[in-house]
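Chemist: when you get a sec, could you give me coordinates for this:
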Amino acid sequence: MDKNEKVAMSHIADYCAYYSITNEALNDSEIFNSILSHKKTMDELIDGYSEMGQLNSEICNDFKGSEDEVLLHLQIM
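Modeler: Numbering: from 1, shown residues only. Reported below is the predicted structural model:
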């Protein structure tokens, strides 16, 4: 399976989780067409959450030293 197929499979899993449906439900053309009509919005959400995950990790790393310093201060008291 190439990279594009892996991404597509991941997105399908995300769509199913978001809409609370099974992969088998995608065989229903009405459900499938409904998902396709919202594909752009879902792709934007997925991309946004992916970007925010990276940003959140960076923010956590930036404040790790401050958090450690506070915990050390609390242990001394």
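Chemist: from here on, just use CA atoms for contacts and neighbour counts.
Modeler: OK.
Chemist: burial measure for Thr22, as a count.
Modeler: Neighbour count of Thr22, defined by other C-alpha atoms under 10 Å: 13.
Chemist: what of Ile35?
Modeler: 18.
Chemist: same deal with Leu36?
Modeler: 13.
Chemist: how close does it get to Met52?
Modeler: Separation of Leu36 from Met52 (C-alpha to C-alpha, to the nearest Å) stands at 24 Å.
Chemist: which residues of this structure score low on pLDDT?
Modeler: For the chain, the stretches with pLDDT under 70 are 77.
Chemist: so in it, which helix runs the longest?
Modeler: Ranked by residue count, the top helix of the chain under DSSP state H comes out as helix 39-76.
Chemist: so which elements touch that helix?
Modeler: helix 3-19 (3 or more C-alpha pairs under 8 Å, 6 or more residues apart in numbering; DSSP states H and E).
Chemist: ok, then the element right after the helix it packs on?
Modeler: helix 29-37 (DSSP states H and E).
Chemist: buried residues in that next one?
Modeler: By 16 or more other C-alpha atoms under 10 Å, the buried positions in helix 29-37 come out as Ile35.
Chemist: same check, this time on stretch 10-30
Modeler: Quick answer for stretch 10-30 (16+ other C-alpha under 10 Å): His11, Ile12, Tyr15, Cys16, Leu26.
Chemist: please report the distance of the first one from Asn4.
Modeler: This means His11. 10 Å.
Chemist: equivalent analysis for the fourth one, please.
Modeler: Applying C-alpha to C-alpha, the value for Cys16 to Asn4 is 18 Å.
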